[in-house]
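K.L.:
structural data only, the sequence is not supplied:
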């Protein structure tokens with residue numbers, strides 16, 4: 001009997017195309033499902049409250065610093081510009097609510113004025129951020 005040797009073709013390569021497809025699909029999945037955290041642009045010491053509840057739906061964040069400065073989207077703005085900025089952000093996301101992060105040493109009057117401007121912009125769902133005890 002004559003034995004024949006199997007010849008391996010010289011062009012034998014592993015096809016990695018299916019693996020690359022899976023990697024790209026996973027990458028797209030992780031990018032789409034990632035939640036991005038919005039920041040106001042200033043560090044705020046929120047007051048403590050024993051009844052504080054986590055709210056994940058707040059899309060528009062407004063911060064009032066210890067120096068009574070108002071920050072939206074990492075920009076310091078005047079109280080007269082709050083309404084226009086909230087209207088613009090509300091147009092981008094109509095289902096969003098507003099969360100005001102007021103420093104515990106900021107003026108309460110400024111917080112009330114800010115809430116009033118937000119409500120004049122057409123947003124009725126306004127929350128005040130606090131840390132849980």
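P.N.:
Right, received. Where do you want to start? Quick caveat, the model's predicted, so the values are computed rather than measured.

K.L.:
which SS class is residue 118?
P.N.:
Three-state call for residue 118 (DSSP: H, G, I helix; E, B strand; the rest coil): helix.

K.L.:
rounded mean pLDDT for the longest helix along the chain, please.
P.N.:
Ranked by number of residues, the top helix in the chain under DSSP state H is helix 17-33. Averaging pLDDT along helix 17-33 gives 89.

K.L.:
so which elements touch that helix?
P.N.:
Helices and strands touching helix 17-33, by 3 or more C-beta pairs under 8 Å, 6 or more residues apart in numbering; DSSP states H and E: there are none. Where you see a C-beta, it was placed from the backbone N, CA and C, and this is true even at glycine.

K.L.:
buried stuff in that helix?
P.N.:
For helix 17-33, burial by neighbour count (16 or more other C-beta atoms under 10 Å) applies to no residue.

K.L.:
run through who's touching that helix.
P.N.:
Helix 17-33 has contacts (C-beta atoms under 8 Å, 6 or more residues apart in numbering) with no other residue.

K.L.:
go on, stretch 112-129?
P.N.:
Contacts of stretch 112-129 with the rest of the structure, by C-beta under 8 Å, 6+ apart, involve 44, 46, 55, 58, 60, 62, 64, 70, 79, 82-84, 86-87, 90, 96-102, 111.

K.L.:
quick one: buried ones out of the residues you listed?
P.N.:
Applying 16+ other C-beta under 10 Å to the contacts of stretch 112-129 flags 44, 46, 58, 60, 62, 64, 70, 82-83, 86, 90, 96-102, 111 as buried.

K.L.:
show me the residues you listed that map onto helices.
P.N.:
Going by DSSP H, the helices hold 82, 83, 86, 90, 111 from those.

K.L.:
farthest-apart pair in those, please.
P.N.:
Maximum pairwise distance in these, criterion C-beta to C-beta, is 19.5 Å, between 90 and 111.

K.L.:
helix or strand with the lowest mean pLDDT in the chain?
P.N.:
Lowest mean confidence among the helices and strands of the chain (mean pLDDT, DSSP states H and E): strand 48-49, at a mean of 63.

K.L.:
quick one, what contacts the closest residue to residue 62 other than its chain neighbours?
P.N.:
Computed as C-beta to C-beta, 6 or more residues apart in numbering, the closest residue to residue 62 that is not its neighbour in sequence is residue 100, at 4.8 Å. By C-beta under 8 Å, 6+ apart, the contact list for residue 100 reads 62, 63, 64, 111, 114, 115, 118, 126, 127, 128, 129.
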